[in-house]
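Peer 1: Build me a structure from this.
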Amino acid sequence: MTTNLTLAVAQVGGINTSETKEEVVARLITLLEEAATSNAELVVFPELTLTTFFPRTWLDDDQVGKYFETSMPNSDVQPLFDRAAELAVGFYLGYAEQTSDGRRFNTSILVDRDGAIVGKYRKMHLPGHDDNKTGLPNQHLEKKYFQEGNLGFGVFDFHGVSIGMCLCNDRRWPEVYRSMALQGAEVVVLGYNTPDFVPGWQEEPHAKMFTHLLSLQAGAYQNSVFVAAAGKSGFEDGHHLIGGSAVVAPSGEILAKAGSERDEIVVVKVDLESAQPYKESVFNFAAHRRPDAYTIISDRKGRGEPLPLSFNVNE
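Peer 2: Model (predicted):
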């Protein structure tokens, strides 16, 4: 049984449209090599790692196609797979996927220390809009460019460690972590791109970082898992993305966090057994959960009226 895992989150500074995928992959390899010098076993890269965050821009179908990968690995990304296998370091990578029948997803993969893909996830909670909102600093068009994920919330074996996967906006939904924790996930890995400006979502600037970290910490604590989150950050094609790449413990405490908005590696050796006191006490699911009382969660999608009383107030 594996009791320790050395995790690295690889924060990636802004990727501009002018950068080629070859140049981006070279940056990722540099981060991977740096993580390897600290004995990292798994490196977490951001969402849509290989390109600029193109959903901020309204593009025609023929313009957006260049951002999608039709196979993985491919000639652009193979050097990352090769170097990772040489170093015996696994990784998690987010990218835009186009399937053989033309469907498009916001996707991530888990690659083991031998360079084999052992897990795949397609983003379920797509934020933003699909109409052209002109006159804004940027848009958020994930609903235009991607279909909702169809693979569910999987948990995959990574050399004896159970790994759950999600992406960006998924981290804000408690059902995501719970779905993976119920499958025995020990670590949840995720990548994100969080802009300062999001159409229809206005809040004080400091709240972007607060709610990001709050989501990671709540997910980790309430489900007795470690959470490792890597973001793209800094200025990208003139638009700002928050940093805050971090590793969070099952206690909800932040074990380590990036201190910049540049390319940066944060490495933590986590003790997987430290989650057991939480799993065996306050969050002993088998002993304390009441799925029969939660049916509204799956039966109702949006907010609505209170349910009818299920008891007589006079009894």
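Peer 1: and the longest helix for the protein?
Peer 2: Scanning the chain for the longest helix, with DSSP state H as the assignment, gives helix 205-223.
Peer 1: residues contacting Ala88?
Peer 2: By C-beta atoms under 8 Å, 6 or more residues apart in numbering, the residues touching Ala88 are Arg113, Asp114. Backbone N, C-alpha and C define where each C-beta goes, glycine included.
Peer 1: mind running it again at 6 Å?
Peer 2: Ala88 makes contact with Arg113, according to C-beta atoms under 6 Å, 6 or more residues apart in numbering.
Peer 1: what residue ranges in the protein score low on pLDDT?
Peer 2: Within the chain, the segments meeting pLDDT under 70 span 1, 313, 315.
Peer 1: try 90
Peer 2: For the chain, applying pLDDT under 90 flags the ranges 1-2, 61-62, 197-206, 308-315.
Peer 1: So which residue is smack in the middle of it?
Peer 2: Geometric centre of the chain, nearest residue: Leu190, 2.2 Å, by C-alpha atoms, centre = their mean.
Peer 1: Any idea what that residue is bridged to?
Peer 2: On the basis of DSSP bridges, Leu190 is bridged to Cys166, Ala229.
Peer 1: So it sits against Gly164, correct?
Peer 2: No. Look at Leu190 against Gly164 with C-beta atoms under 6 Å: they stay out of range, at 8.9 Å.
Peer 1: What distance do you get for the residue nearest to the centre of the chain to Glu86?
Peer 2: 26 Å (C-beta to C-beta, to the nearest Å).
Peer 1: cool, Glu273 as well?
Peer 2: According to C-beta to C-beta, Glu273 and Glu86 sit 31 Å apart.
Peer 1: what about Lys232, which helix or strand?
Peer 2: For Lys232, the element it lies in under DSSP states H and E is strand 226-236.
Peer 1: Kindly report the same for Tyr177.
Peer 2: In the assignment (DSSP H and E), Tyr177 maps to helix 174-181.
Peer 1: Contact partners for Ala185?
Peer 2: By C-beta under 6 Å, 6+ apart, the contact set of Ala185 is Val155, Ser162, Gly164, Val225.
Peer 1: one more time with 10 Å
Peer 2: Contacts for Ala185 were tallied using C-beta atoms under 10 Å, 6 or more residues apart in numbering; they are 153-156, 161-165, 177-179, 223-227.
Peer 1: got it, and Ser18?
Peer 2: Thr52, Asp237.
Peer 1: for it, helix, strand, or coil?
Peer 2: What DSSP: H, G, I helix; E, B strand; the rest coil gives for Ser18 is coil.
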